[in-house]
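Colleague: Sequence first, then the predicted structure:
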Amino acid sequence: AQSVSQHNHHVILSEAASLELGCNYSYGGTVNLFWYVQYPGQHLQLLLKYFSGDPLVKGIKGFEAEFIKSKFSFNLRKPSVQWSDTAEYFCAVNQNTGNQFYFGTGTSLTVIP
Amino acid sequence: DTGVSQNPRHKITKRGQNVTFRCDPISEHNRLYWYRQTLGQGPEFLTYFQNEAQLEKSRLLSDRFSAERPKGSFSTLEIQRTEQGDSAMYLCASSSPTGQATEAFFGQGTRLTVV
């Protein structure tokens, strides 16, 4: 079975600081990679996804992520966070030949104005 | 609203009672997933349907859990003889892969509290 690790459980940043959240997965084959965000009281929403091609993926709200196959990583970045980015962030992996999505445990981000 | 809809949003039940949750996926989506999420954890896979066929079940899904998607549209998740450990957020998601896998679209979940 696939496993997804998110090493940062809680992150607190001031507005305008840069963000990088780590995500590593275990499967060595072809994977599809996702970052989801859950704002307080809301459902999980897709931030960005990677299937193939350019390993640097740009998503909504200024987020981007880089797929590094040799490191089994898909880290999320944002150059300058805003208070409205306060949320829970989940990395997810879907094997190309599989059906289910495997999620990490999530990273809680708090941005201080 | 054309998103994934889940009902009820909240359910409080006494231990030992049966509960049933409903999920209405996005209408053209043929894949439907059930996940469970507890505090401080990411969503854990429970089961998956392609149309009306239940193709995959997690070992987390004990005999007390059953899911159906009778006409390939809405789905129900039933928990029999609930236990306190069943308290969690139950999430439904749907997707419609077109050649490549696409993302799953999630509903707002049903929060179950077993007292």
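Modeller: Perfect, thanks for sending it. Numbering: from 1, shown residues only, chains lettered A, B, ... in the order given.

Colleague: mind checking how far the residue nearest to A:P40 when sequence neighbours are not counted is from A:F101?
Modeller: Counting by C-beta to C-beta, 6 or more residues apart in numbering or on different chains, A:P40 lies nearest to A:A87, which is 7.1 Å off, once chain neighbours are set aside. Glycine gets a C-beta too; all of them are placed from N, C-alpha and C. Applying C-beta to C-beta, to the nearest Å, the value for A:A87 to A:F101 is 19 Å.

Colleague: So between the two, which is more surrounded?
Modeller: Shown here are A:A87 and A:F101; by other C-beta atoms under 10 Å in any protein chain shown, A:F101 has more neighbours (27 against 20).

Colleague: pLDDT value on the more buried one, please?
Modeller: Looking at A:F101, its pLDDT is 91.

Colleague: That one reaches A:V93, doesn't it?
Modeller: Yes: in this structure, A:F101 sits in contact with A:V93. The criterion is C-beta atoms under 8 Å, and the distance is 7.1 Å.

Colleague: list residues touching both of these two?
Modeller: Counting by C-beta atoms under 8 Å, 6 or more residues apart in numbering or on different chains, the common neighbours of A:F101 and A:V93 are A:F34.

Colleague: now A:W35: how far from chain B?
Modeller: 10 Å (C-beta to the nearest C-beta, to the nearest Å).

Colleague: was I right about the residue nearest to A:P40 contacting A:G41?
Modeller: No: using C-beta under 8 Å, A:A87 is not in contact with A:G41; the gap is 10.4 Å.

Colleague: and chain B, which residues reach chain A?
Modeller: By C-beta under 8 Å from any C-beta of the partner chain, the part of chain B that sits against chain A consists of B:3-4, B:31, B:33, B:35, B:40-45, B:48, B:50, B:55-56, B:91, B:93, B:100-101, B:103-109.

Colleague: circling back: hey, what's the residue nearest to A:P40 bridged with?
Modeller: Assessed by DSSP bridges, A:A87 has beta-bridge partners A:L109.

Colleague: contacting residues around it?
Modeller: Taking C-beta under 8 Å, 6+ apart, one finds A:V37, A:Q38, A:Y39, A:P40, A:L109 in contact with A:A87.

Colleague: Try it again at 7 Å.
Modeller: Taking C-beta atoms under 7 Å, 6 or more residues apart in numbering or on different chains as the definition of contact, the neighbours of A:A87 are A:V37, A:Q38, A:Y39, A:L109.

Colleague: now A:S18
Modeller: Counting by C-beta under 7 Å, 6+ apart, A:S18 makes contact with A:P79, A:S80.

Colleague: let's see 10 Å
Modeller: Contact partners of A:S18, counting by C-beta atoms under 10 Å, 6 or more residues apart in numbering or on different chains, are A:R77, A:K78, A:P79, A:S80, A:V81.

Colleague: One more: B:G16?
Modeller: Going by C-beta under 10 Å, 6+ apart, the list of residues near B:G16 reads B:Q80, B:R81, B:T82, B:E83, B:V114.

Colleague: Just flag the most distant two among those residues.
Modeller: The most widely separated members of these, counting by C-beta to C-beta, are B:Q80 and B:V114 (12.2 Å).

Colleague: Give me the buried entries from the contacts of B:G16.
Modeller: Neighbour-count burial (16 or more other C-beta atoms under 10 Å in any protein chain shown) is assigned, among the contacts of B:G16, to B:T82, B:V114.
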